[in-house]
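K.L.:
turn this into a structure:
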Amino acid sequence: MPVGVADTVHCKSAVTHKAVRIIDFKNGKLQLLDRTGQRITLGLNRIANIRVDGLAALNKAEQNLAIGQASAAGQYYPTALAGADRTWLRIWIYTRLINLHVQSGNLEQMARDYCVLAGLAPRWASKAVPNLARLGARDSDQVTMAISILQQAEGREKALLVRQCLRKVRLRLAKSLGTRQIPASVTGQGAGTGGMGGGVGRRATFDSWAFDNLQNGNWRAVLNTVKRRYSTCLPGQLPQLLYWRGRAMYIKDDVQSAMLDYLRVAIEFPVSKYAPRGLYRAGRCLLEDNQQQAAKGLFNELLDNYGQDTGQVDQELDRILQSARLLVK
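P.N.:
Alright, predicted model coming up:
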């Protein structure tokens, strides 16, 4: 008989697995060994609660959760986490906590815990993205803070799968905010509309607005605004609109359309400040498509045409050029 078969798993179907040993929780499935050493696999959606021998705080949390006392459960899980000495147990507790945080509206802590879960078990975290469909009525400050936490973690993370998990939750949170209202200073309903008029303010203001929306995954707002302005804008405003349409299409995961817009900016408006940025981003799109030689060609063109010191301060362009130099080595 396996050592330590004193755990219990209660299923939602009223079936109870007694005198078992929980050995793993992987990809949403709990692995058990019964008295005879036979392995049992149960999906998380089938489980009501578990009891692990010797872990009083966890058992109290699970018991409270089973009877609908979410607040009480949330008080015990952190204590259980502090004493969790097995990876599967930490994954289980973080999964429970994340869903409790969403229910209570504590999105800031949800984001922090999700970052840890993604690092522990990225494949499971990609499936365990919490249901954020009803967050529209939540405190927008909490949503914004959660987005910021996920975004910062995504920027620091080196593992692609973990970054994808963080991005998925960040975009879902951004979607829960709905389409942002463009401020009066941008829409031109206040004093002064700058060069764009009737919907978009000064060029720098629109850049900032578009950047903020895309950082929060709100590509629809950017595409809708570009569409409204495209037919009536002045020729000098086209490169800006094409560039941001490309950025929005990229966030939408339409990389091919994004690359075409980037190249249009670079080819049709070579003296625009958006031209080198378009070349660089088009090159990055080619890299994602495993077209290394074509990408190198664009990076070399970028360095040849825009790599000279003009004496003007443009920190973003300097970063782009530095990155391009590294990519062509």
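
K.L.:
helix or strand right after the strand or helix carrying R123?
P.N.:
R123 belongs to helix 122-127 when assigned by DSSP states H and E. Where DSSP H and E defines the elements, the next helix or strand beyond helix 122-127 is helix 140-156.

K.L.:
which residues touch the next helix or strand after that next one?
P.N.:
Following helix 140-156 in sequence order, the next helix or strand is helix 160-177 (DSSP H and E). With contacts defined as CB atoms under 8 Å, 6 or more residues apart in numbering, helix 160-177 is touched by 107, 111, 114-115, 118-119, 122-123, 125-126, 129-130, 132-133, 135-136, 138, 140, 143-144, 146-147, 150-151, 153-154, 157, 216-218. (Glycine included, C-beta is placed from N, CA and C.)

K.L.:
ok, L171 - how many residues close by?
P.N.:
By other CB atoms under 10 Å, the residues close to L171 number 19.

K.L.:
how close does it get to L298?
P.N.:
As judged by CB to CB, to the nearest Å, L171 and L298 stand 27 Å apart.

K.L.:
quick check: buried residues in the longest strand along the chain?
P.N.:
Counting residues, the longest strand in the chain under DSSP state E turns out to be strand 16-26. Under the neighbour-count criterion of 16 or more other CB atoms under 10 Å, strand 16-26 has H17, V20, R21, I22, I23, D24, F25 buried.

K.L.:
need these in CSV (columns: distance to Y76 and pLDDT).
P.N.:
As requested, those are exported to CSV (distance: CB to CB, whole Å; pLDDT from 0 to 100):
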residue, distance to Y76, pLDDT
H17, 22, 95
V20, 22, 95
R21, 22, 95
I22, 18, 95
I23, 23, 94
D24, 22, 95
F25, 18, 95
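
K.L.:
wait, which of the residues you listed is closest to V265?
P.N.:
Lowest distance from V265 to the buried residues of strand 16-26 (CB to CB) belongs to F25, with 48.8 Å.

K.L.:
can you tell me which residues contact the closest residue to that closest one other than its chain neighbours?
P.N.:
Leaving aside its sequence neighbours, F25 sits nearest to W88 (CB to CB, 6 or more residues apart in numbering; 4.1 Å). Residues near W88 by CB under 8 Å, 6+ apart: I22, I23, D24, F25, K26.

K.L.:
make it 10 Å
P.N.:
With contact taken as CB atoms under 10 Å, 6 or more residues apart in numbering, W88 is in contact with I22, I23, D24, F25, K26, L30, Q31, L120, A121.

K.L.:
roughly how far does the last one sit from F25?
P.N.:
Summarising the geometry, the distance separating A121 from F25, computed by CB to CB, is 9 Å.

K.L.:
list residues touching both of those two?
P.N.:
T87, W88, R90, I91, T95.

K.L.:
where does the stretch 51-200 of the chain have low pLDDT?
P.N.:
133-140, 176-200 (pLDDT under 70).

K.L.:
quick one, domains of the protein?
P.N.:
7-177, 184-327 (automatic domain parsing).

K.L.:
partner strands of the helix or strand following the longest strand of the chain, with direction?
P.N.:
Downstream of strand 16-26, the next assigned helix or strand under DSSP H and E is strand 29-33. Its sheet considered, strand 29-33 pairs with strand 16-26 (antiparallel), strand 39-43 (antiparallel) by DSSP bridges.

K.L.:
reformat these as TSV; add distance to L327.
P.N.:
Converted to TSV, the strands paired with strand 29-33 look like this (distance: least, CB to CB, whole Å):
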stretch	distance to L327
strand 16-26	37
strand 39-43	44
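
K.L.:
that older thread, buried ones among the contacts of helix 160-177?
P.N.:
Buried by 16+ other CB under 10 Å: 107, 111, 114-115, 118-119, 122, 125-126, 130, 132, 135, 138, 143-144, 146-147, 150-151, 153-154, 157, 216-218, out of the contacts of helix 160-177.

K.L.:
count of residues packed around E288?
P.N.:
12.

K.L.:
show me what contacts it?
P.N.:
Contacts of E288 by CB under 10 Å, 6+ apart are Y250, V255, M259, A295.
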